[in-house]
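> Here is my input; please provide its structure:
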Amino acid sequence: MFSISSHQKAAVRIVVVTVVVACCLLAVGGNAFVVVPMVKGGSSISTSTSMTTATQLLASSSAAAEGSASSSSSSTSATVEDNKSSDNNNDNWYSSWAIQDSGITINEKLSLRNTNDEERGKGGMHADQKIKALEVIATIPRSLIISSVDAPVRAIEAASTANVLSWVTDITAATLVALHPSIDDNDDDNDSTTTTKKSRIDFIQSWIHGGWATQGDDLGPPESNFGPKHVTGSLMSTGSDNDHNIYAKFRMPCHPVIHRASLGLIVLTGCTEEQARSQLSLRGSTYRSLRDALEPLILNTNPTRFEKGSKRERRCWDVADILSKVLSRVTTIQLNVDKTEKACYAIVPIHERLEHSLNENTKLITSGNDILLIATRDIDVGEAITRDYTKSPKLINNNNTNDEEVADDIDIDDGSALRLLLQFGLPPNAWPEEELTVDK
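Numbers count the residues shown, from 1 in each chain. This is a model prediction of the structure:
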């Protein structure tokens, strides 16, 4: 017989608990993200799914997101979504809204269709006839775009009270005010202004897709542990800036839902664990820096995006939802405000849903009271109309957060698969192939 001391017993307990927690995390982490070997040129590729597998995983979640978004929207939004989803081969709602209701002028050589599941809301526009360089593809009224410089006073005042002053706060505030207008937002209340407000509301309500995990379906089946059923509103609104310290006692690097999501991003994009966790934490800390300031901009007494939670919680989650969708659409454009050449942050209809390409074939130009979408080169028949999302504004650490997971030295390339998926929700065929790591 032999005996062990109390200190030895305690050490054994710690080891057992650590092993159990680790096994649980591995188990739940594998519910939705499956690593499949990929062969390219005779060599196996590690730390990445195959392109087909990643596409299938993202497409299945995208299809589920389409259904969940339409079922949980408000009555006005439901009408928009029903019309938008009525025909997969003809984008009836978008073309009708763009041509008839919004005042947008679209070149007859441009063809619109619904995006399919694999495109995740980006694409569906191509040339029906050859488009020459410098030809105008679409003319969008300046009054229809969403920009921080055109925001009403209510949006500016709310943004000024946020913990961190940034372009993200400004454009998100402008979007929320456009979605929830007040009679005090504009002095003019004529028919033209009312029609523009309605068109902007319909436009924003039609947004389904955003960055990765805007819809919980990206995190796997509903029954997955530390997946969709354990998020607080959405992935972006889950956790706190102090999670690193809270979960350190459990031998965990962060909130378990964030940790599981980071494992999924590793599988999907081939990034490192530190990069995935840092970028997820950066999104969360950005949301929390503006949440309390922008939540009052939601004027609905009963927010409809989420079914559970208090009214305030649901308004906060609506802020996170809009923030993710704004980040996936925003661009910079020179609006010639006060005769300056400074670029402004804006969301421009038509342009916000273009397919991604490093060899983009369009550019936005301001012309008086209109925004012109111009062809930068000849576009052949059947070729997609594209923009380069790597040039879009990027989230950066503002050094004003208490989140220890957001580190200055953990950055990602503008065109990395992690950024293209996480911020814009772009599918695998838009990611750079060179990021796949060949196991020699």
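
> The protein: helices as residue ranges?
Taking DSSP state H, the helices of the chain run over residues 6-29, 51-72, 75-84, 92-96, 153-160, 167-179, 191-205, 243-248, 256-269, 273-294, 311-327, 417-422.

> buried residues in the fifth one?
Buried residues in helix 153-160, counted by 16 or more other CB atoms under 10 Å: 154, 155, 158, 159. Glycine gets a C-beta too; all of them are placed from N, C-alpha and C.

> tell me which of these is nearest to residue 318?
Distance to residue 318 across the buried residues of helix 153-160 (CB to CB) is lowest for residue 158, with 14.2 Å.

> Enumerate every residue touching the spatially most central residue of the chain.
The chain has residue 211 as the residue nearest its centroid, 2.2 Å off, counting by CA atoms, centre = their mean. Residue 211 sits next to 236, 283, 324, 325, 327, 328, 421, 422, 423, 424, 425 when contact means CB atoms under 8 Å, 6 or more residues apart in numbering.

> Then residue 132?
375, 378.

> And it, how far from residue 382?
Distance from residue 132 to residue 382, counting by CB to CB, to the nearest Å: 16 Å.

> ok, now residue 221?
37 Å.

> More neighbours: which of the two?
Between residue 221 and residue 382, counted using other CB atoms under 10 Å, the more crowded position is residue 221 (15 against 11).

> now that one: how far from residue 373?
39 Å.

> and if you look at residue 354?
9 Å.

> shared neighbours of these two, which are they?
With CB under 8 Å, 6+ apart, residue 354 and residue 373 have common neighbours residue 362.

> Residue 101: how many residues sit nearby?
For residue 101, using other CB under 10 Å, the count is 14.

> and it, what does it touch?
195, 198, 199, 202.

> pLDDT at the nearest residue to the third one once chain neighbours are set aside, what is it?
The spatially closest residue to residue 199, leaving aside those adjacent along the chain, is residue 102, at 4.5 Å (CB to CB, 6 or more residues apart in numbering). At residue 102 the predicted local distance difference test score is 82.

> hang on, residue 102 packs against residue 201?
No: counting by CB atoms under 8 Å, residue 102 sits too far from residue 201 to count as a contact (11.2 Å).

> Comparing the two, which residue is more hemmed in?
residue 102 (23 against 17).

> Distance of the more buried one relative to residue 93?
11 Å.

> what do you get for residue 173?
27 Å.

> Which of these two has more residues huddled nearby?
Set residue 173 next to residue 93 and count neighbours by other CB under 10 Å: residue 173 wins out with 28 against 22.

> mind listing what that one touches?
148, 151, 155, 156, 158, 159, 290, 293, 294, 297.

> 6 Å instead, please
155, 158, 159, 294 (CB atoms under 6 Å, 6 or more residues apart in numbering).

> can you list these in CSV and add pLDDT and distance to residue 258?
As requested, the contacts of residue 173 are exported to CSV (pLDDT from 0 to 100; distance: CB to CB, whole Å):
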residue, pLDDT, distance to residue 258
155, 97, 30
158, 98, 27
159, 98, 26
294, 98, 22
